[in-house]
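Visitor: All I have is the shape, not the residue letters:
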Ligand code: FES
């Protein structure tokens, strides 16, 4: 019985999932509208399926220059902690498992499935349906990529600190919009204005300072308050993983939860490179996925740092235009070779 629901969900392509997210976006609370779109880009179904089908998985992972932990099955309770809806994870997980175990013949479309389960989660958690849709989306895709056994086996714990948990969706939206005060004579300041970048909304005080017009990755390197490298090898320099600092490697991709409009416009190169890396998103001047080594801040911003990076645009989506790479500036030789391969072989 369980297999039927999971198998049914398995029939849908990444495009169909993304189209359903887009369709239901107006019904999702503003607090999670960017977050759920970012989450789906952090865990692309097409990449998951490509790796599942690979003859030599380890070799394929190397070929795609994947670094870090990209597998949802290792992060069943945590991948979505940056969604406001994560606080309803326990109820969401229970409702999805119940649906998986009760349905023998699922035939509803994706939007109806998400809406049905969101209603139930809302009822059980005492929350509005607009606040539960995002976590239901993430939960269903987690089921697809993890399988029912692993999904059921996770603890289902909420991973937000107590202080943050008390905040309402409205509080969070207001916090994201606010810029740091520049003091009494702030209006006289020009280049020396300082702002903050929050890199983890699930923790209190998880932010670093940034000078007006500074790249996010440059500012993040100055924060040495924690042993970042011990948390994630890719974070050898500071809060945000970096390698080339010239939009050549894709290591520094981040999702922008708030303050998107206070970042610099995406440059043609940044936009093009993100396609090569496989970080797909709608074409916008200030998109919700950015390269932190390129995006400059002109106010406070709230970001989320993915647990991995890779170069999979050509192999997975085949939408990469030919690109002249700049001279290599990074010590990561293998990474450079993979990027060059992804570009030079593409017509
Ligand atoms: S550090 Fe390489 S793309 Fe930003």
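Guide: Everything's here; your move. Computed from a prediction, not measured in an experiment: that's the story for all the values here.
Visitor: ok, so what distance separates residue 32 from residue 56?
Guide: 38 Å (C-beta to C-beta, to the nearest Å). The way it works is simple: take the backbone N, C-alpha and C, and place the C-beta from them, glycine included.
Visitor: Between these two, which is the more surrounded one?
Guide: residue 32 (29 against 9; other C-beta atoms under 10 Å).
Visitor: Give me the nearest residue to that one, chain neighbours excluded.
Guide: Of all residues not flanking residue 32 in the chain, residue 134 sits nearest, at 3.8 Å (C-beta to C-beta, 6 or more residues apart in numbering).
Visitor: Which residue ranges of the stretch 1-150 of the chain form strands?
Guide: Counting by DSSP state E, counting those that start in this stretch, the segments of the stretch 1-150 of the chain that form strands are 67-68.
Visitor: Residue 270 belongs to a helix?
Guide: Yes: assessed with DSSP: H, G, I helix; E, B strand; the rest coil, residue 270 lies in a helix.
Visitor: And it, how far from residue 216?
Guide: 12 Å.
Visitor: Now the common contact residues for the two.
Guide: Residues touching both residue 270 and residue 216 by C-beta atoms under 8 Å, 6 or more residues apart in numbering: 290, 295.
Visitor: more neighbours, these two?
Guide: residue 216 (27 against 17).
Visitor: near the ligand, which residues of the chain show up?
Guide: Counting by C-beta under 6 Å from any ligand atom, the residues of the chain close to the ligand are 242-245, 247-252, 291, 293.
Visitor: among the residues you listed, which are in strands?
Guide: Among the residues of the chain next to the ligand, the residues falling in strands (DSSP state E) are residue 291.
Visitor: Buried among the residues of the chain next to the ligand? Make that a ChimeraX selection.
Guide: Those of the residues of the chain next to the ligand that count as buried under 16 or more other C-beta atoms under 10 Å are selected in ChimeraX with:
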select :242,243,244,245,247,248,249,250,251,252,291,293
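Visitor: Pick the one among the residues of the chain next to the ligand closest to residue 99.
Guide: Relative to residue 99, the closest of these is residue 250; by C-beta to C-beta it sits at 36.1 Å.
Visitor: and the closest residue to that closest one other than its chain neighbours, what is it in contact with?
Guide: Leaving aside its chain neighbours, residue 250 sits nearest to residue 277 (3.6 Å; criterion: C-beta to C-beta, 6+ apart). With contacts defined as C-beta under 8 Å, 6+ apart, the neighbours of residue 277 are 250, 253, 309-313.
Visitor: Mind putting those into JSON lines with distance to residue 86?
Guide: Converted to JSON lines, the contacts of residue 277 look like this (distance: C-beta to C-beta, whole Å):
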{"residue": "250", "distance to residue 86": "26"}
{"residue": "253", "distance to residue 86": "21"}
{"residue": "309", "distance to residue 86": "22"}
{"residue": "310", "distance to residue 86": "24"}
{"residue": "311", "distance to residue 86": "29"}
{"residue": "312", "distance to residue 86": "26"}
{"residue": "313", "distance to residue 86": "28"}
